[in-house]
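[1] From the sequence below, what's the structure:
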Amino acid sequence: MITTNNLPESYSPLDELEICTNRIVGGGHLVSMGNVLPILIGSGRKPKVWLQAVNNPHQHSFITIVDESKSLHPFVDINIKRKNLDLYIKDQHVLSVEYSTRSRAKITHIDLRPLGIIIYSSGDNLQAGNMSFSNTTFKGVNSVINFSMG
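    Predicted structure coming up:
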């Protein structure tokens, strides 16, 4: 399980990640659930994405379905063209990431609802549960959004 204390060896944080009109500067993660990181986007020559799905909500366990941009399950399709990554789960578009440099990327589309996580892009806004973010810069944060596993 990928957590804030158990990151993949090949993971290196981005200097900047843009999501809709929002930016995470100097590292940090988009979302955590307790200390679990359901989505992880790292720096590299090609897009590096890790994705976890809830395996058992009562036991707060997760299963990795994408490991360093490689699908681990037949219902996950990943298309990488140069520095762009598109990810689909059961033909539903879940994620689009564009890398401008090795350490800068932009999420142009995100919809984690097929994974049971209410985070999605809506025009210029990032929706997370009942919250909406636009034109916000996050710096020095561990996670922009943290859902309690309580």
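[2] does the residue nearest to Leu7 when sequence neighbours are not counted count as helix, strand or coil?
    Leaving aside its sequence neighbours, Leu7 sits nearest to Leu40 (C-beta to C-beta, 6 or more residues apart in numbering; 7.4 Å). For glycine as for every other residue, the C-beta is placed from the backbone atoms N, C-alpha and C. Of the three states, Leu40 takes strand according to DSSP: H, G, I helix; E, B strand; the rest coil.
[3] Leu40 is in contact with Tyr11, isn't it?
    Yes. Leu40 lies in contact with Tyr11 (C-beta atoms under 8 Å); the separation is 6.3 Å.
[4] So those two - more neighbours on which side?
    Leu40 (21 against 16; other C-beta atoms under 10 Å).
[5] that older thread, which residues are in contact with the residue nearest to Leu7?
    Shown in contact with Leu40 (C-beta atoms under 8 Å, 6 or more residues apart in numbering): Ile2, Leu7, Pro8, Tyr11, His29, Val49, Trp50, Leu51.
[6] which of those has the most neighbours?
    Most surrounded of the contacts of Leu40: other C-beta under 10 Å gives Leu51, at 27 neighbours.
[7] just checking, it touches Ile63?
    No. Under the criterion of C-beta under 8 Å, Leu51 makes no contact with Ile63, lying 10.0 Å away.
[8] Where does the prediction get shaky in the protein?
    56-59, 149-150 (pLDDT under 70).
[9] excluding its backbone neighbours, what's nearest the spatially most central residue of it?
    Taking C-alpha atoms, centre = their mean, the centroid of the chain lies closest to Ile39, which sits 3.3 Å from it. In this structure, Ile39 finds its nearest non-sequential neighbour in Leu51, 5.6 Å apart by C-beta to C-beta, 6+ apart.
[10] helix, strand or coil for Val31?
    Of the three states, Val31 takes strand under three-state DSSP.
[11] and it, what does it touch?
    Leu37, Pro38, Ile39, Leu112, Ile117, Ile119, Ala128, Ser143, Val144, Ile145, Asn146, Phe147.
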